[in-house]
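J.: based on what follows, work out the 3D shape:
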Amino acid sequence: MVEDRYKYFRIEAQELLEGLEQGLLELEKGPNVELVRRVFRQAHTFKGASRVVRRSDIGDLAHAIEELLSRFQDGVTPIPVSLIDQALARLDEIRRKVSSLTFEEGGEPRPESPQTSPQSKQPAVGERTIRVAVSDLDGLLADAVEAHVAASGLQRIAEELARVCVRARALGVRLRSASADAALADGLDGFTQDLERVRRRLFEGSERVAGETGEVRSGVAALRLVPAKVLVLELERIVRDAAQQLGKEAEVRAIGAETHVDARVLGQLHKALVHVVRNSVAHGIEAPRDRLRRGKPRVGQLELTIERRGHRVRISARDDGRGFDLESVRRVALERRLLSADEAQALTYEGIGPLLLRGGVSTAANVTDVAGRGIGMEAVRSTIETLGGEVAITSSHGSGTRVDLVVPLSLSALPALSIHVGAATALLPLDNVRRVLRLTPEALTWSDSGARLVIEGNAVPLVDAATLLGLERLEAARPNSALLIEAEGRLAALGVDRVGGTRPVLVHAIPEHAAEEPVVSGAAFNEDGVPELLLSPAVLVRQALVAGAVPEHTPVPAPKPILVIDDSLTTRMLEQSILESAGYEVDVAVSAEQGLQLAHGKRYALFIVDVEMPGMNGFEFIATTRSEPELRETPAILVTSRAEPSDKRRGLEVGARAYVVKSEFDQAGLLEIVRGLVG
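T.: Prediction:
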């Protein structure tokens, strides 16, 4: 068996490279005795490890870093920028050599390509952190998803068997009433009982497998998450080098760098943010002399804020530079025929963002390695939309620019809502769906640019999903339902025939030769193994607003979620599926105690509570919430199998707003109650 003698060296080298680069960038800001000692220890360790694997060339470079910094070990004397540059250059050379190591018998390195560019010295962020593990985890995750989908398919078969049992029992009743052969009727009864027993075992088994595979999928997805600080370190170096090249000074301040993001998402974010931070240095942050004249600190600031929002993550890059020059943008847009004279004159700071994201606009005087071709922000938009995300730019003259990127936290378990248009089925990211509405003629209005859906006094552009997907409708046919979609701070309504359920999906990229519709951002397989298209909310909203006849609306505030509390997995999942399909955000708890803990940490619009649970029961939960000022205004519904009048009376006495008996459970009835309480 061939042994990879570099196996552990690669792992250690990657950790040391990160530590050395971060330490050198920190030392550039000022002397620090502990930091100097740490950098020396890491360089010394690197030198020793290199020589153990007989790579003296790498060891010599690590030793050279020690030599460059040897006069500054006191941690008091500032290190000149020129020496930091030299140390970083040797670090880049080490990185290139480490990345060239390959698995070969005898441990010989593969030849290095003379065409290696400076950017290729640094592997992509997602690969660099857990390169080997990601591919293994992808395979495991795909297997878990397939098993979960298969289990869901078995549950559907169990439901079909239930309908067969009902028909068989009905046939037995007809045989007996028709005075047919009693033995035949008895035989049919026995067959029906056997079939029902098989159905029950199939359902219970598939439910158990679905639950277990769901836990495996969630666990594997969690293992794919890596801290965003890996990305921040890369960007700090890029900002430093770009500023030096342009005769500027700039530094990065990161907030939320410990936020964990899917490794593959992080890799794509790296591609986008490289363009963003380079643009900030090139177009935004001024030269030191100009900043001082304007009363700003000499060193430009670029603030990166990373925060998790449900199933998505938001990255904001904000600089304190000059902002975009509106007149220059107008001039360039006219020269490149991106806008007409009237459109250019009407352009405001609010319209600069969408224009820049189209590409082809650059106000740089010269083309450099940093900026000047006008394609950077177009590349950002393309990369983020590939992830099913959104990007927005805001700027004001003299006050800086902010770029907001919103992407899925992970590509492995994106919550999606199923929609149906004729015989076709498609998916929408659930986080972008604000409401699901019944489409009636009274709710529609018309303008020269098409249909509008009137929602609470606002006319929202309505687009038919069939039109987006290139499907033909019968002349008299029209959508039955509408989904209110929000993306990039704007609203649009999507007309569909009907709305299905929600489920986590594993998103697959569309092959380039098949990617004809920009509104399609990916695909996922259903329980039958049939691919379903995932629609891009950002493109959908843009296409609905393309006429521009209706003013853009402020985003509808996301409604507070609903908390479902029940110790039965089946009941929890059923209620969650019904509510999420109707457009509500839902959290679940397995006990009243856990429900109280969640309620104290988050505001809910409604509690839906079981009565009989281990520990605190539903009556006690509601009574407790009625006694607490911060919870007493939140309405509660009891959903229980206890149908005695005394139980109903007790439920209403403790403060429940409705009492639903499980044996009389009706999906439409539950939603009617919920809408009456929370809208």
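J.: counting by contacts, list what the helix or strand in which Leu652 is found packs against.
T.: Element membership for Leu652, per DSSP states H and E: helix 645-654. On a contact count with 3 or more CB pairs under 8 Å, 6 or more residues apart in numbering; DSSP states H and E, helix 645-654 meets helix 618-626, strand 636-640, strand 658-661. All C-beta atoms are positioned from the backbone trio N, CA, C, and that covers glycine.
J.: show me what contacts Gly59?
T.: Residues counted as contacts of Gly59 (CB atoms under 8 Å, 6 or more residues apart in numbering) are 46-48, 50-51.
J.: measure Leu355 to His283 for me?
T.: Separation of Leu355 from His283 (CB to CB, to the nearest Å): 14 Å.
J.: re the thing from before, from the helices and strands packed on helix 645-654, which stretch is densest packed?
T.: strand 636-640 (a mean of 24; mean count of other CB atoms under 10 Å).
J.: what about it, average pLDDT?
T.: The average pLDDT within strand 636-640 is 89.
J.: please apply the same query to stretch 90-103.
T.: So the average pLDDT for stretch 90-103 ends up being 82.
J.: ditto for stretch 161-179
T.: Mean pLDDT, stretch 161-179: 77.
J.: and it, how far out from the chain middle?
T.: 50 Å (CA atoms, centre = their mean, to the nearest Å).
J.: now do the buried residues in that stretch.
T.: 161, 165, 168-169, 172, 175 (16 or more other CB atoms under 10 Å).
J.: who are the contact partners of Glu251?
T.: Glu251 sits in contact with 29, 236, 239-240, 299-302, where contact means CB under 8 Å, 6+ apart.
J.: show me which of the residues you listed are buried.
T.: In the contacts of Glu251, the ones that pass as buried (16+ other CB under 10 Å) are 236, 239-240, 300-302.
J.: what does stretch 656-668 contact?
T.: With CB under 8 Å, 6+ apart, stretch 656-668 has contacts from 571, 578, 609, 622, 635-643, 647-648, 651-652, 669-670, 673, 677.
J.: burial count for Leu326?
T.: Residues near Leu326, counting by other CB atoms under 10 Å, number 16.
J.: do Pro441 as well
T.: Around Pro441 there are 6 residues (other CB under 10 Å).
J.: do Pro635 as well
T.: Pro635 sits with 20 neighbouring residues when counted by other CB under 10 Å.
J.: who are the contact partners of it?
T.: If you count contacts by CB under 8 Å, 6+ apart, then Pro635 has 606-607, 657, 677-678 around it.
J.: if you rank those by neighbours, which is first?
T.: Phe607 (27 neighbours).
J.: doesn't Lys21 lie inside a helix?
T.: Check again: residue 21 is Glu, not Lys. Yes - when classified by DSSP: H, G, I helix; E, B strand; the rest coil, Glu21 is found to be part of a helix.
J.: the nearest residue to it once chain neighbours are set aside sits in which helix or strand?
T.: Nearest residue to Glu21, sequence neighbours excluded (CB to CB, 6 or more residues apart in numbering): Leu91, at 5.9 Å. Per DSSP H and E, Leu91 falls inside helix 81-100.
J.: which positions in that helix come out as buried?
T.: 83-85, 87-88, 90-92, 94-99.
J.: what helix or strand is the closest residue in space to Gly389 that isn't next to it in sequence located in?
T.: Computed as CB to CB, 6+ apart, the closest residue to Gly389 that is not its neighbour in sequence is Val407, at 3.5 Å. Assigned by DSSP H and E, Val407 belongs to strand 400-408.
J.: quick one: residues in contact with that strand.
T.: Here strand 400-408 has contacts from 262, 265, 268-269, 272-273, 276, 280, 283-284, 309, 311-324, 380, 384, 387-395, 414, 429, 507, using CB under 8 Å, 6+ apart.
J.: which elements pack onto the helix or strand just after it?
T.: The helix or strand immediately downstream of strand 400-408 is strand 414-421, counting by DSSP H and E. With contacts taken as 3+ CB pairs under 8 Å, 6+ apart, strand 414-421 sits against strand 424-429, helix 465-468, strand 490-496, strand 498-505, strand 531-535, helix 569-581.
J.: now those in JSON lines, with mean neighbour count and distance to Pro614?
T.: Output for the helices and strands packed on strand 414-421, formatted as JSON lines (neighbours: other CB atoms under 10 Å; distance: least, CB to CB, whole Å):
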{"stretch": "strand 424-429", "mean neighbour count": "21", "distance to Pro614": "36"}
{"stretch": "helix 465-468", "mean neighbour count": "20", "distance to Pro614": "45"}
{"stretch": "strand 490-496", "mean neighbour count": "25", "distance to Pro614": "41"}
{"stretch": "strand 498-505", "mean neighbour count": "18", "distance to Pro614": "28"}
{"stretch": "strand 531-535", "mean neighbour count": "19", "distance to Pro614": "39"}
{"stretch": "helix 569-581", "mean neighbour count": "18", "distance to Pro614": "14"}
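J.: looking at those, spot the one closest to Lys248.
T.: strand 490-496 (34.6 Å; CB to CB).
J.: contacts made by the closest one with the rest, please.
T.: Around strand 490-496, the neighbours that count as contacts under CB under 8 Å, 6+ apart are 419-421, 428, 434, 437, 439, 453, 455, 458, 460-466, 468, 478-485, 540-541, 544-545, 552-553, 555-556.
J.: so which of those belong to helices?
T.: 465-466, 468, 540-541, 544 (DSSP state H).
J.: may I have the strands that pair with the strand holding Val407, each with its orientation?
T.: Its sheet considered, strand 400-408 pairs with strand 312-319 (antiparallel), strand 390-396 (antiparallel) by DSSP bridges.
J.: ranges for the strands of the stretch 101-250 of the chain?
T.: 225-227, 250-255 (DSSP state E, counting those that start in this stretch).
J.: which one of those lies closest to Glu204?
T.: Smallest distance to Glu204 across these (CB to CB): 32.6 Å, for strand 225-227.
J.: next one: Lys97 from Glu66, what distance?
T.: 17 Å.
J.: picking up where we left off before, among the helices and strands packed on strand 414-421, which is nearest Gly190?
T.: Using CB to CB, the helices and strands packed on strand 414-421 put helix 569-581 closest to Gly190, at 27.8 Å.
J.: what is the rounded mean pLDDT of that closest one?
T.: 79.
J.: now the angle from it to strand 414-421?
T.: With axes from the mean of the first three to the mean of the last three CA atoms, to 10 degrees applied, the angle from helix 569-581 to strand 414-421 works out at 60 degrees.
J.: what's Phe607 sitting at in phi/psi?
T.: phi -110, psi 130 (degrees, to the nearest 10).
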